[in-house]
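Participant: how does the following fold in three dimensions:
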Amino acid sequence: MLPILLKKNYTIDKSYINCKDLDVTLNEFQETLLMPYFKILLSTQNQQQFNEECSNATFSAGIYDETGEGKQFSQIKFSPGSYFSCEFNASESSSYLNDLKAVLNRRAVLQMTALKVPSFSISYSIQKVPTGRDVFSVLPMNQFFEGGEGLSENMHTFSFATISGRHRMTLTLARFSNSDNIFWGHSNNPKFILTDQTTTLYDGSSDTTFGSLQYDFLLKSFDIADYQRHPDSLIIGLQKIGALIAIFKIGSVLSWIHKKQFESKLKNDFPDNEREDRSEILNTQGSDHSLIQRQRQADITEMFSFEKFKNLEDQIKGLHEEIYQMKLLKNIN
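Facilitator: Numbers count the residues shown, from 1 in each chain. Take a look at the predicted model:
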């Protein structure tokens, strides 16, 4: 499965590439679309009729080439399931897995001569089922979601269909690359995913007694989205550091302004001290004038310093001890 690709400390770039330039094989979809699950829902509760219908139903896959010629896999019978249903699970069928293994290196995307859009090179067929029966299918296609936090996916596509004719499912192909290299190296193993878009019935002809259902897969376009996720580059990292330094400088300026405002407020709150120093300043010339001003400012600033409060606390504690000693001596006398 595609992990949730978050954007935190990462960048996700999106571009478009033509899949004709890529050698996309069926092996890319071995654990997704190539592992279908089908369940035929039989309306009868007659055990004999149920067994007969279930034993007749078959599944097979077809592999196509560029000319549109197909080759069928071995036909596989459905197995009885729960609640009067027949089931086929590709992941549990050794016959299907053996046939699939032989074609995994084939190209997944074809440009067939009879079609103007690219086609997926495999199809599925369900046959010898009474007409009108419903089929529940699970086609594991990656439905991905592109949001503000990044990319995530849902691995399954569920659908219902009726045994009747051929269904054309149009898909979208995308590629994902994920790298942890800060100098932006592409992933060595890009991942291709298919997403379900639309399903249409384009050939509804079927026998009046026994019907068939076939899935053909097309691609919406040869141009596919290419997502590349990589850590923020060194330049972006430096930019973030520069932004932090700027924020720190702004904070330092604000701190200096607040300090000056505090000192100004102290001066206004203690006008008596200012009047006492005024006569000294008037009688002082040159450098002595500025020295007295700096000394007065230092006295006001240190009045509310942490050291001042600590000294006051120690003095108060000492006074409490002296008072306590005096009370003891008084009681003794």
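Participant: if you count neighbours, what's buried in the one helix or strand Phe309 maps to?
Facilitator: For Phe309, the host element (DSSP states H and E) is helix 306-332. Judged by neighbour count using 16 or more other C-beta atoms under 10 Å, helix 306-332 contains no buried positions. Just so you know, the C-beta spots here come from the backbone N, C-alpha and C atoms, and that holds for glycine as well.
Participant: the stretch 151-300 of the chain: helices as residue ranges?
Facilitator: All helices of the stretch 151-300 of the chain, identified by DSSP state H, counting those that start in this stretch, fall at 234-269, 271-282, 287-303.
Participant: among those helices, which gets the worst mean confidence?
Facilitator: Sorting the helices of the stretch 151-300 of the chain by mean pLDDT places helix 271-282 lowest, at a mean of 50.
Participant: return the helix or strand in the protein with minimum mean pLDDT.
Facilitator: Least confident helix or strand of the chain, by mean pLDDT, DSSP states H and E, is helix 271-282 with a mean of 50.
Participant: for the chain, what are the low-confidence residue spans?
Facilitator: In the predicted model, the chain carries pLDDT under 70 at residues 1-9, 143-155, 180-188, 204-209, 232-244, 263, 266-306, 333.
Participant: domain ranges for it?
Facilitator: Following the assignment in automatic domain parsing, the chain carries domains at 5-232, 235-332.
Participant: need the winner for burial among those domains.
Facilitator: domain 5-232 (a mean of 16; mean count of other C-beta atoms under 10 Å).
Participant: could you check how far it is from the centre of its chain?
Facilitator: 23 Å (C-alpha atoms, centre = their mean, to the nearest Å).
Participant: not counting its neighbours along the chain, what's nearest Arg106?
Facilitator: In space, and not counting its chain neighbours, Arg106 is closest to Leu26: 5.5 Å by C-beta to C-beta, 6 or more residues apart in numbering.
Participant: contacting residues for that neighbour?
Facilitator: Leu34, Leu100, Val103, Leu104, Asn105, Arg106, Arg107, Ala108, Ser121, Ile122 (C-beta atoms under 8 Å, 6 or more residues apart in numbering).
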